[in-house]
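Everything below, folded, please.
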Amino acid sequence: MPDSARAAVISDIHGNLPALEAVLADVRRAGIDVVWCLGDLVGYGAQPNECVALAAEACAVCLVGNHDLVVLDRLDIATFSPNAALAARWTRSELGADARAFLNGLSASNTDQPIGLFHGSPRDPVWEYVLSPGLAAECIDSMDSRVGAVGHSHVALYFTSDASGEASGEPAASGAQIEIADGGWLLNPGSVGQPRDGDARAAWLEIDLAGWRATWRRSEYAVDEAAEAIREAGLPAALADRLYYGQ
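Just a heads-up that it's a prediction; the model follows:
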């Protein structure tokens, strides 16, 4: 990959095909060079096979997330909330052989790119949520790379640590742009398929790898279409309703 490349980081698609299609369309229009996915391709939404196929085609790197692993029966479903467990059981019954094989070939982290890529955190790529400066400082200290990207929490945000090891951070609104040329950083693009930061639009992150600049993006998508697919599949109505509120 050239040093001048721009990367799009996406995460937490959760079987929401209209959201993924909208994000990838915006990525193409922006002329982004490479797409990295941080996992949870399936989970709450009603189009898991389509999302896996599209992500496999569009992304240079895909990670596996905890929802993917539960659907593959590689994590205990008892650790999930009732609605998440219902969706996982439904997805297990719907997931095709090609999608299953693709997900089974993925890892929860990738440290071969210009930045570290983790589903959960550098310390625990499957389960750990990075939502506080103290925890972020420990995670940044544990990384081999200076900059890392994490998903899992469905919240667009960033953390940075200075030479003293103290960390600070905050949520990242649509259009937020920060310089990441110095210090240690953990960046969360937010969720494509089920945002939980009060903004219902699909979230993604653009990183300029030459200028070391991160910009948080949002994509409008057909929420009605995604919600109706959930209802038609017989999944819990709450999983459809929350798409409208970004919660």
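
What score does the residue lying farthest from the centre of the chain have for pLDDT?
Relative to the C-alpha centroid of the chain, counting by Cα atoms, centre = their mean, residue 164 is the outermost residue, at 29.5 Å. Listed pLDDT for residue 164 reads 79.

cool, and residue 167?
87.

same question, residue 32
With respect to pLDDT, residue 32 scores 97.

Quick one: low-confidence residue ranges for this protein.
1-4 (pLDDT under 70).

repeat that for 80
1-4, 163-165 (pLDDT under 80).

picking up where we left off before, could you measure from the residue farthest from the centre of the chain over to residue 184?
Distance check for residue 164 against residue 184: by Cβ to Cβ, to the nearest Å, it reads 11 Å. Bear in mind the C-beta positions are built from the backbone N, C-alpha and C, glycine included.

Need the phi and psi values for the residue farthest from the centre of the chain.
Phi and psi for residue 164, reported as degrees, to the nearest 10, are phi -80, psi -10.

ok, now the one 4 residues further on?
The phi and psi torsions at residue 168 (degrees, to the nearest 10) take the values phi -140, psi 160.

which residues touch it?
Residues near residue 168 by Cβ atoms under 8 Å, 6 or more residues apart in numbering: 133, 159-161.

Please name the bridge partners of it.
residue 160 (DSSP bridges).

mind listing what's buried in stretch 129-147?
Neighbour counts over stretch 129-147 (16 or more other Cβ atoms under 10 Å) mark 129-130, 133, 135-140, 143, 145-147 as buried.
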